[in-house]
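Novice: how would this look folded up:
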Amino acid sequence: MNVHFIAIGGSAMHNLALAMHKKGYHITGSDDEVFEPSKTRLKNAGILPEHEGWFPEKLNKELDAVILGMHARADNPELARAKELGLKIFSYPEYIYEETKNKTRVVIGGSHGKTTITAMILHVLSFHKIDCDYMVGAQLAGFDTMVKLSEEAKIAVIEGDEYLSSPIDRRPKFHLYKPNIAILSGIAWDHINVFPTFDNYVEQFRIFVNLISENGVLVYCAEDAEVKKVAEETTNNIKKLPYSVPAHIIENGITTLIPQNIAPVPLAVFGKHNLMNLNGARMVCNQIGVSDEMFYDAIQSFKGASNRLELLFKNEYTTIFRDFAHSPSKLKATTAAVKEQYPNRKLIACMELHTFSSLNENFLAEYKGAMDKADVAIVYYNPHTIEHKKLKPITIEQVKQAFARKDLQVFTNSQELMNTMKTSGFHDTNLLLMSSGNYDGVDVKNIATIFGLK
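Specialist: Numbering: from 1, shown residues only. Below you'll find the model as predicted:
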């Protein structure tokens, strides 16, 4: 198979290219910019484009497929050439489906928790040496690439993103996977630039549920009102399995599950949202032949997905976490989780408004109460980021009103933010940093060193 990637450097695209190269396909690609770690990984595999830019002459009739990445524009010259030659053009999710259409497809959908649930399922299957193909949107510890496509595996575990498929295919990615087994973890309005209203956003999940194959399975979070409504209203001929927070206790900063007829299960992860994710993952695993005993045996060693309540530093008096949280529902769940795990410690929660939705003045009000569980709540945003995204400027006062918290601290200069947090004092105090960005260049991984804690 000869396959060409337009915009090969993307996070998902380069992982797919590596997986197909490993499968023995002949891979070529182009991009106008390739950043790390994609650059080094493609170079090591011998498939890094020799020059940056678009080269229509690379395309010819010997290509079996062209895969179009979201980073490319609809007027891309290589795309125009592919159309002119009559080549088969696939979006990323379309091609994943093509490679897995004869397998049992497990698709993880939801506004939040997708990566964590996918990581939990993969951790359990790997622990028990159960072969599967997979596609995950974030790098997971213990995996070389985040896409695996093989001839042998009978199961494919796919993280189902609701964002658009390609510049010429405006369908959400998870509409293209046609799951045999699906999980829906939560619905909380996001991607306002694509789904301008809440109803329009929810409709994408209704479509997703209706695309589950005949006699398939839907595992869904019964504690999310919108998810419950979508699941119960579907007329699709499928089995529906609700889940919620499992029985557990928290002692000395450790969360332990209390399953029926099974010994207590201590966990390395915590928080009600993670416990719900875990319960959903367990029920999915049950559908592919993994017993509860097998699941609990494996899940004890699961330490979380990268950037999801990731432990950056810990000593006797202080714990520092980083989390990818940026949407209102994620902020609320993550903040509450850390406070519940350490109820006797002061919690400083700091989030960065960084995404298109979070910096949109029409969306800001969705953050009301999102950090109420924190003892100290801080919000950072960079006005230049708003300008770059071509959005209307927002003011510090607008942010304070949106979060509906009078003592909210708002910063627009990252150095001032770091200086303020550094002088806060961290005795019997935890710090939670939440962002899909990096606070404009702050070395978050070494935040404990920056603050003089080590």
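Novice: residues contacting residue 350?
Specialist: If a contact means C-beta atoms under 8 Å, 6 or more residues apart in numbering, then residue 350 has 378, 379, 380, 417, 421, 431, 432, 433, 434 as its contacts. Where C-beta positions appear, they are placed from N, C-alpha and C, glycine not excepted.
Novice: what helix or strand is it located in?
Specialist: Here residue 350, judged by DSSP states H and E, is contained in strand 346-352.
Novice: show the average pLDDT along that strand.
Specialist: What strand 346-352 shows for mean pLDDT is 97.
Novice: got it, and stretch 113-121?
Specialist: Taken as a whole, stretch 113-121 has a mean pLDDT of 94.
Novice: hang on, the earlier thing: out of the contacts of residue 350, which is nearest to residue 60?
Specialist: Closest approach between the contacts of residue 350 and residue 60, by C-beta to C-beta: residue 434, at 47.3 Å.
Novice: just checking, the closest one touches residue 326?
Specialist: Yes. Taking contact to mean C-beta atoms under 8 Å, the distance of 6.8 Å between residue 434 and residue 326 places them in contact.
Novice: who's more crowded, those two?
Specialist: Comparing residue 434 with residue 326 by other C-beta atoms under 10 Å, the one with more neighbours is residue 434, at 24 against 19.
Novice: in the sheet, who's paired with the more buried one?
Specialist: Listed by DSSP bridges, the beta-bridge partners for residue 434 are residue 323, residue 351.
Novice: which residues are contacting stretch 2-9?
Specialist: Judged by C-beta under 8 Å, 6+ apart, the contacts made with stretch 2-9 from elsewhere in the structure are 13-14, 16-17, 20, 25-31, 33-35, 38-39, 42, 47, 49, 54, 58-59, 62-72, 76, 78-79, 82.
Novice: now which of those would you call buried?
Specialist: For the contacts of stretch 2-9, a burial check counting by 16 or more other C-beta atoms under 10 Å picks out 13-14, 16-17, 20, 27-31, 34, 38-39, 42, 47, 49, 54, 59, 63, 65-72, 76, 78-79, 82.
Novice: which neighbours do residue 434 and residue 326 share?
Specialist: Jointly contacting residue 434 and residue 326 under the rule C-beta under 8 Å, 6+ apart are 351, 352.
Novice: longest helix in this protein, by residue count?
Specialist: The longest helix of the chain (DSSP state H) is helix 272-287.
Novice: and the following helix or strand past it, average pLDDT?
Specialist: Secondary structure here is assigned by DSSP H and E; on that basis, the next helix or strand after helix 272-287 toward the C-terminus is helix 292-299. Mean pLDDT, computed over helix 292-299, is 98.
Novice: can you check stretch 163-179 too?
Specialist: In this model, stretch 163-179 has an average pLDDT of 95.
Novice: which other residues reach that stretch?
Specialist: 68-70, 72-74, 76, 79, 89, 91-94, 96-97, 100-101, 105-107, 109, 158, 160-162, 191, 194, 204, 207-208, 211-213, 216.
Novice: go through that stretch and flag the buried ones.
Specialist: Taking 16+ other C-beta under 10 Å as the neighbour-count basis, stretch 163-179 is seen to contain the buried residues 164-167, 169, 172-179.
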